[in-house]
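I would like the atomic coordinates for the input below:
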Amino acid sequence: MTEFKRRIFYIGGFDPRGVRFYYHLLKEQVARYAAKTGEDVVVSPRQKASPVRSDWTVRNATQDVTTDYTFLRWEDIVQQAWIKNPLQLVTRGARTYLAHIRHLDFKWARELPNGPLVTMFYPPILAVVIPLLIALPLFLVGLIWLSWWIALLGGLAIGIAAALPILGLIRVPWLMRFFIFNSELCTGEGSPELQARLDAFAEAMDAGIDGDEDEILLVSHSNGSIIAMLALDRLLERRGGALPAQFAVLTYGHSIPLVAGRRDATIFRRRLANIAARDFHWVDVGSPPDGAAFHGVNPMVTVASDPKPRMDLLNPRFYRFYDAANYKTGFASKYEVHFDYLRVADRVSPIDLPSITASRRPIAAAVAAFRDIP
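Below is the predicted model:
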């Protein structure tokens, strides 16, 4: 048996935690994979290869597999876009939702799963409703002793202050920042820093995909799928539209319609249309309980009637791989479900990220093995 070599380029989501968090998450989950399979798998220390990337290696001695893992970093840009001022968050959020109402292709959006649409619109609703629900009884009680305007202002002040930890618990501020960031991608390609980073991502991939690897994967999670499309089209431009035969794209919980579904996102839609004209394998894994993922949605249909990439749309069927009690607990937290693609469950799935990283199976064989599971 000859060594199987794989290279992964990974782009994470809109998360300020960055490479340290995701390195330790993968290392922890690869160890969990090794414990469940009995295979000898180790993760090397991470090395900062450049300001925009960190590298490490996952070695499975049992299956004679080496995966060179490149984490493409943009957490500093997320940190710059992480709005901390509550008033600024509210005002920019209001502009974002006005833009959604004005430019979203609602005819196409009606065909999307309900989950992500609910996730898209519940933050502004709850940001108004929860403070008012707290403020109303305080206002009514205050009317007994105070003038109406003092009771109103006091009730609203206490309602807003009391609502903040509740809104934080259900991730409303994080979702607002997430939607604001993506809405601003619809009128261009983000900040000059982001555009330079996308060029650097394309350069890093271009320099790393002409080796002797048996498989090359561009893997992204959540908002990273949008960033991955912008980087992938730049890579195609650098290479005259050609990709190696062993190249494939793997998206987990993609959110591409947040931008592709907007009529004003002309630059992004043009880039996505160019991607849709190329021949490569694209696997998307999206779970129906994941309200932040557009599961079962081919994002290219917004720009092409006959997309050329060979698309596999997979439901990870977490209920098959978690024990009932653990699945029920995880299902209760939509936030945790959104990260389950990156974890090993109670039973190993062929398509979770640690298995894809450590296994000898190429991505097409992993998809086939997953589909063979009853």
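
could you use CA atoms for every contact and neighbour count after this?
Will do.

give the buried residues for the one helix or strand residue 231 maps to.
Here residue 231 sits within helix 224-238, counting by DSSP states H and E. Buried positions in helix 224-238, judged by neighbour count with 16 or more other CA atoms under 10 Å: 224-236.

kindly state the pLDDT recorded for residue 374?
Note on residue 374: pLDDT of 89.

so what's the residue count around it?
When neighbours are defined as other CA atoms under 10 Å, residue 374 has 5 of them.

circling back: pLDDT on the helix holding residue 231, on average?
The model assigns helix 224-238 a mean pLDDT of 98.

what does stretch 190-200 give?
The predicted model assigns stretch 190-200 a mean pLDDT of 95.

what does it rub up against?
Under the contact criterion CA atoms under 8 Å, 6 or more residues apart in numbering, stretch 190-200 has outside partners 52, 74, 77, 184, 189, 227, 230, 231, 234.

now do the same contact list for the residue nearest to residue 154 when sequence neighbours are not counted.
Nearest in space to residue 154, with sequence neighbours left out and distances taken as CA to CA, 6 or more residues apart in numbering, is residue 139 at 7.4 Å. Shown in contact with residue 139 (CA under 8 Å, 6+ apart): 148, 151, 152, 154, 155, 156.

can you flag the buried ones in those residues?
Buried members of the contacts of residue 139, scored by 16+ other CA under 10 Å, are 151, 152, 154, 155, 156.

ok, the residues you listed vs residue 209, which is closest?
residue 156 (57.0 Å; CA to CA).

and that closest one, which of the three is it?
Three-state assignment for residue 156 (DSSP: H, G, I helix; E, B strand; the rest coil): helix.

hang on, isn't it packed against residue 131?
Yes. Under the criterion of CA atoms under 8 Å, residue 156 makes contact with residue 131 at 7.1 Å.

in CSV: the buried ones among the contacts of residue 139, plus pLDDT and distance to residue 313.
As requested, those are exported to CSV (pLDDT from 0 to 100; distance: CA to CA, whole Å):
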residue, pLDDT, distance to residue 313
151, 79, 54
152, 80, 51
154, 79, 51
155, 76, 49
156, 75, 46
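
what is the mean pLDDT for the helix or strand containing residue 140?
Here residue 140, judged by DSSP H and E, is contained in helix 114-142. For helix 114-142, mean pLDDT rounds to 75.

one more: stretch 268-278?
On average, stretch 268-278 scores 96.

neighbouring contacts of that stretch?
With CA under 8 Å, 6+ apart as the test, stretch 268-278 has contacts from 185-186, 188-189, 229-230, 232-233, 241-242, 259-260, 300, 303-304, 307-309.

buried ones in that stretch?
For stretch 268-278, burial by neighbour count (16+ other CA under 10 Å) applies to 268, 269, 271, 272, 273, 274, 275, 276, 278.

in terms of helices and strands, where is the first one?
Taking DSSP H and E as the definition, one finds residue 268 inside helix 266-276.

how far out from the middle of the chain is the helix or strand following that helix?
Next in sequence after helix 266-276, counting helices and strands by DSSP H and E, comes strand 281-285. Centroid displacement of strand 281-285 relative to its chain, using CA atoms, centre = their mean, to the nearest Å, is 14 Å.

next: stretch 160-169.
Relative to the chain's own centre, stretch 160-169 is displaced by 25 Å; criterion: CA atoms, centre = their mean.

so how far is the helix holding residue 140 from its chain's centroid?
26 Å.

pull out the buried positions in it.
Buried residues in helix 114-142, counted by 16+ other CA under 10 Å: 115-117, 120, 123-124, 126-127, 130-132, 134-136, 138-139, 142.

does residue 70 count as helix, strand or coil?
strand.

now distance to residue 363 too, for the buried residues of helix 224-238, in a markdown table please.
Below are the buried residues of helix 224-238 laid out as a markdown table (distance: CA to CA, whole Å):
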| residue | distance to residue 363 |
| --- | --- |
| 224 | 19 |
| 225 | 18 |
| 226 | 21 |
| 227 | 21 |
| 228 | 18 |
| 229 | 19 |
| 230 | 22 |
| 231 | 21 |
| 232 | 18 |
| 233 | 21 |
| 234 | 23 |
| 235 | 21 |
| 236 | 21 |
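
residue farthest from the centroid of the protein?
The centre of the chain is farthest from one residue, residue 145, which by CA atoms, centre = their mean lies 51.0 Å away.

against residue 139, how distant is that residue?
From residue 145 across to residue 139, the span is 11 Å (CA to CA, to the nearest Å).

now residue 106
As judged by CA to CA, residue 106 and residue 139 stand 38 Å apart.

quick one, what contacts the residue nearest the centre of the chain?
The centre of the chain sits closest to residue 222, judged by CA atoms, centre = their mean, with a distance of 0.8 Å. Residues in contact with residue 222 (CA under 8 Å, 6+ apart) are 12, 13, 14, 251, 252, 253, 254, 255, 292, 293, 338.

and it, how far is that from residue 291?
11 Å.

ok, which stretches of the chain are strands?
Taking DSSP state E as the criterion, the chain contains strands spanning 4-11, 41-43, 47-50, 53-60, 65-72, 215-221, 247-252, 281-285, 310-314.
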